[in-house]
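Chemist: Sharing a sequence plus its predicted fold:
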Amino acid sequence: MAKWGKMKKIFLLMLFLIVSTPVCAELSIDITGAHSAPMATGLPVFTFTSPKAKDFAEKMTKVIQSDLESSGLFGVIDQLAYLQKFKGIEDAPSFVDWQAINAEALIQGHVDYLNDRQIRVSFRLWDVFAAQELYSATLEVDTNGWRRVAHMIADSIYKRITGEEGYFDTRIVYIAETGSPLNRKKRLAIMDQDGENHKFLTDGENLVLTPRFSPNMQQITYLSYYNDTPRVYLFDIETGKQQIVGDFPGMTFAPRFSPDGHKLIMSMANNGNTDIFEMNLDTRAVKQLTRSAAIETSPCYSPDGKKIVFNSDRSGAQQLYIMDADGKNVKRISFGKGRYATPVWSPRGDYIAFTKMAGGKFYIGVMFPDGKGERLVAEGYLVEAPTWSPNGRILMYFRQDAPNYRGIPGKTRIYAVDITGYNERRLITPVDASDPAWSPLLSNR
Amino acid sequence: MRRHIFAALAAVALVSGCASTTPEVEEEEEVVVSAVEVEEVEPQEEEAFVQEAKDRVFFGFDKSNLTADAVAVLKNQAEWLKANPETTVVIEGHTDDRGTRDYNLALGERRAVAVKNYLISQGVDADRIQVISYGKERPAVVGANEAAWSQNRRAVTVVKD
């Protein structure tokens, strides 16, 4: 344990180094550059007891590897280099063999096929240089649930190594885009965090925008142009049922759930003015929170539900403001050059992510809730709509490339980037994609 | 590969077409590109409206105030609407793509309401006017330059019935 403590310390030091590496000048951040070596990890294909278990063993090992590598924190060593071949989960690692190929961590796993509907999965995480087991678990699961269990195993490994909650067992709801840029067809779609299990939720008949999960993952709130009347709706994930929210005289948009799931916060535009409203979903009572002639929109609760961050152009251009959840004590927090929009409070409470527009470009950035410590992590012709991983370490957003000189529109795609500004990567979607929203950790809901 | 080339050609056709402001051309090009849905034949009133009074006004960046040009267009729209009292209109507010989605929805609404209020001030019955904002969702043209953006920052008066 002591030695592992040391290894963990080294790892934390590594993390610290990543964080403290100067992020160049604010506007020229290297979002493609590799920064430090990922942790070398041995991950042999999980062993198995029967041909039926073999298929699961191979699939699950692949998912775990893909999860860990996508984090940028782990590098799985090529399996051809492995000197030891495990026969089962009780087979002790020959640490010198793993040290010889410079593996720092080793993941050993095994799958038993119990019956048509159940498998048993065991795994062990080893510190190779300390020759010590760090974590082990055995799970009996439904065969249909193999993919989620693989994500949960990757989450436990991530958590044991980094000390942070994982984020692999999560889903993304987003807007799938097809067709002419002049009359874009937009559909609600949902997928696992790694792009698997993709499903369209609406048929594209009505324009839909800005979906967000409820904290218990049972509902999605979004904007729909059903009947040429843009209003906030709720979509029930289980039943597919769609339901309009409230009876408002004007367009309602930019909805988000409160952290306890009992309230919705959104904007309403009416007679040329946009203010922020809260609706209690239990009583359907509506409360107006802002009352200015300015555009106040993109509201988002703090994780404790006590404050709301939003953007307003009351100063003449869009800036970020924080107020109490009842609308009192409004305070401006952004003062940098440019316009600030779409603030989103980190689930950890430590940062607010935003979209910034300056000098003809768009940026994704983070700042502390007091407005200090602004750091930009992505830039482009159009980058917009950051959403947090449940552990507050990664931001997802969409990027729309500029139309070319002939006016051919650019691609619109979802990307993720660590809040350090490193490890930017694209999510693969079947068609163009925008407005992503990251779910809470499924196993925690 | 062949499909890619076709898509690229189609997109070129689309773009060359949509720089024009005549709705007939736009419609034709849309069919070529997407074949999503063939638009219904527009009612006669709308054609007449577009020909006799221009159907759209333009705005400055992040602005919703009416320019002198816009006022001139809206005066004609108001005269036409008073001369055709059986018609109703929907004013669509639009923005360029240089803002965020939520804010642009609000800005589009501001623009549509600015037009509505002006038409009312010129004697058009408020009950005949509806507004809708599309924000940056329905550009008139595609392009990463001021010429394209300025055509997208618009409010379009669409005649119904």
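Modeler: Received the coordinates, thanks.
Chemist: what about the lengthiest helix in chain B, average pLDDT?
Modeler: Looking across chain B with DSSP state H, the single longest helix is helix B:101-121. What helix B:101-121 shows for mean pLDDT is 98.
Chemist: Restricting to C-alpha, output it in PDB.
Modeler: Included here for helix B:101-121 are C-alpha records, laid out as PDB according to Å, rounded to 0.1, in the frame of the first residue of the first chain:
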ATOM      1  CA  ARG B 101     -27.900  29.500 -30.300                       C
ATOM      2  CA  ASP B 102     -30.000  30.700 -27.300                       C
ATOM      3  CA  TYR B 103     -29.000  34.300 -27.700                       C
ATOM      4  CA  ASN B 104     -29.700  34.300 -31.400                       C
ATOM      5  CA  LEU B 105     -33.200  33.000 -30.800                       C
ATOM      6  CA  ALA B 106     -33.800  35.900 -28.500                       C
ATOM      7  CA  LEU B 107     -32.200  38.400 -31.000                       C
ATOM      8  CA  GLY B 108     -34.400  37.000 -33.800                       C
ATOM      9  CA  GLU B 109     -37.500  37.600 -31.700                       C
ATOM     10  CA  ARG B 110     -36.400  41.200 -31.000                       C
ATOM     11  CA  ARG B 111     -36.000  41.800 -34.700                       C
ATOM     12  CA  ALA B 112     -39.400  40.200 -35.600                       C
ATOM     13  CA  VAL B 113     -41.100  42.300 -32.900                       C
ATOM     14  CA  ALA B 114     -39.400  45.500 -34.100                       C
ATOM     15  CA  VAL B 115     -40.900  44.900 -37.600                       C
ATOM     16  CA  LYS B 116     -44.300  44.000 -36.000                       C
ATOM     17  CA  ASN B 117     -44.400  47.200 -33.900                       C
ATOM     18  CA  TYR B 118     -43.500  49.300 -36.900                       C
ATOM     19  CA  LEU B 119     -46.300  47.800 -39.100                       C
ATOM     20  CA  ILE B 120     -48.700  48.400 -36.200                       C
ATOM     21  CA  SER B 121     -47.600  52.000 -36.000                       C
END
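Chemist: Tell me the helix or strand right after that helix.
Modeler: Per DSSP states H and E, the first helix or strand lying C-terminal to helix B:101-121 is strand B:129-135.
Chemist: just to revisit the earlier point, how distant is the longest helix of chain B from the center of its chain?
Modeler: Distance of helix B:101-121 from the chain centroid (C-alpha atoms, centre = their mean, to the nearest Å) equals 12 Å.
Chemist: orientation of that helix relative to strand B:129-135 in degrees?
Modeler: Counting by axes from the mean of the first three to the mean of the last three C-alpha atoms, to 10 degrees, helix B:101-121 points 160 degrees away from the direction of strand B:129-135.
Chemist: Could you report the pLDDT at A:Ser50?
Modeler: 93.
Chemist: With adjacent residues omitted, what lies nearest to it?
Modeler: A:Tyr113 (5.0 Å; C-beta to C-beta, 6 or more residues apart in numbering or on different chains). Just so you know, the C-beta spots here come from the backbone N, C-alpha and C atoms, and that holds for glycine as well.
Chemist: what sits against that neighbour?
Modeler: A:48-50, A:52-53, A:56, A:119 (C-beta atoms under 8 Å, 6 or more residues apart in numbering or on different chains).
Chemist: That one in helix, strand or coil?
Modeler: Secondary structure state of A:Tyr113, per DSSP: H, G, I helix; E, B strand; the rest coil, is strand.
Chemist: Bridged to it, which residues?
Modeler: Legend: beta-bridge partners of A:Tyr113 under DSSP bridges are A:Ile119.
Chemist: What is the neighbour count of residue 70?
Modeler: Looking at chain A here, since you left the chain open. When neighbours are defined as other C-beta atoms under 10 Å in any protein chain shown, A:Ser70 has 18 of them.
Chemist: that's the wrong chain, I meant chain B
Modeler: So B:Ala70, with other C-beta under 10 Å, has 21 neighbours.
Chemist: Okay, it and A:Asp169: tell me how far apart.
Modeler: With distances taken as C-beta to C-beta, to the nearest Å, B:Ala70 is found 53 Å from A:Asp169.
Chemist: Okay, now the unreliable bits of chain A?
Modeler: For chain A, residues meeting the criterion pLDDT under 70 lie at A:1-36, A:444-445.
Chemist: Helices of that one, start to end?
Modeler: A:2-20, A:51-70, A:95-100, A:146-162.
Chemist: Identify the residues contacting A:Pro440.
Modeler: So A:Pro440 contacts A:170, A:213, A:215, A:217, A:347, A:390 (C-beta under 8 Å, 6+ apart).
Chemist: among those, which ones are buried?
Modeler: Listed as buried from the contacts of A:Pro440 are A:170, A:213, A:217, A:347, A:390; burial here means 16 or more other C-beta atoms under 10 Å in any protein chain shown.
Chemist: quick one: which of the residues you listed sit in strands?
Modeler: A:Phe213 (DSSP state E).
Chemist: With respect to A:Tyr233, which of the buried ones among the contacts of A:Pro440 is nearest?
Modeler: Taking C-beta to C-beta as the measure, A:Tyr233 lies nearest A:Phe213 of these, at 13.9 Å.
Chemist: ok, the closest residue to A:Ser267 other than its chain neighbours - contacts?
Modeler: Excluding the flanking residues, the one nearest A:Ser267 by C-beta to C-beta, 6+ apart is A:Thr297, at 4.2 Å. By C-beta under 8 Å, 6+ apart, the residues touching A:Thr297 are A:253-254, A:267, A:274, A:276, A:310-312, B:102-103, B:105-106.
Chemist: could those be laid out in TSV, adding neighbour count and distance to A:Met396?
Modeler: Shown next, in TSV, are the contacts of A:Thr297 (neighbours: other C-beta atoms under 10 Å in any protein chain shown; distance: C-beta to C-beta, whole Å):
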residue	neighbour count	distance to A:Met396
A:Phe253	26	21
A:Ala254	31	18
A:Ser267	28	22
A:Thr274	30	26
A:Ile276	23	24
A:Phe310	24	21
A:Asn311	29	19
A:Ser312	25	25
B:Asp102	29	17
B:Tyr103	29	20
B:Leu105	29	22
B:Ala106	30	24
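Chemist: on that earlier part again, which one of the contacts of A:Tyr113 is nearest B:Val159?
Modeler: Nearest to B:Val159, judged by C-beta to C-beta, of those is A:Phe56 at 62.5 Å.
Chemist: How many residues are close by that closest one?
Modeler: 22.
Chemist: With adjacent residues omitted, what lies nearest to it?
Modeler: Per C-beta to C-beta, 6+ apart, closest to A:Phe56 is A:Val111, 4.9 Å.
Chemist: cool, A:Arg124 as well?
Modeler: Counting by C-beta to C-beta, 6+ apart, A:Arg124 lies nearest to A:Ser136, which is 4.3 Å off, once chain neighbours are set aside.
Chemist: Let me know whether that neighbour touches A:Phe123 as I believe.
Modeler: Yes. With contacts counted by C-beta atoms under 8 Å, A:Ser136 reaches A:Phe123, the gap being 6.7 Å.
Chemist: if we can go back for a sec, can you give me the distance of the residue nearest to A:Ser50 to A:Tyr174?
Modeler: Distance from A:Tyr113 to A:Tyr174, by C-beta to C-beta: 35 Å.
Chemist: How about B:Tyr118?
Modeler: With C-beta to C-beta as the criterion, B:Tyr118 and A:Tyr174 are 39 Å apart.
Chemist: and those two? which has more neighbours close in?
Modeler: A:Tyr174 (24 against 20).
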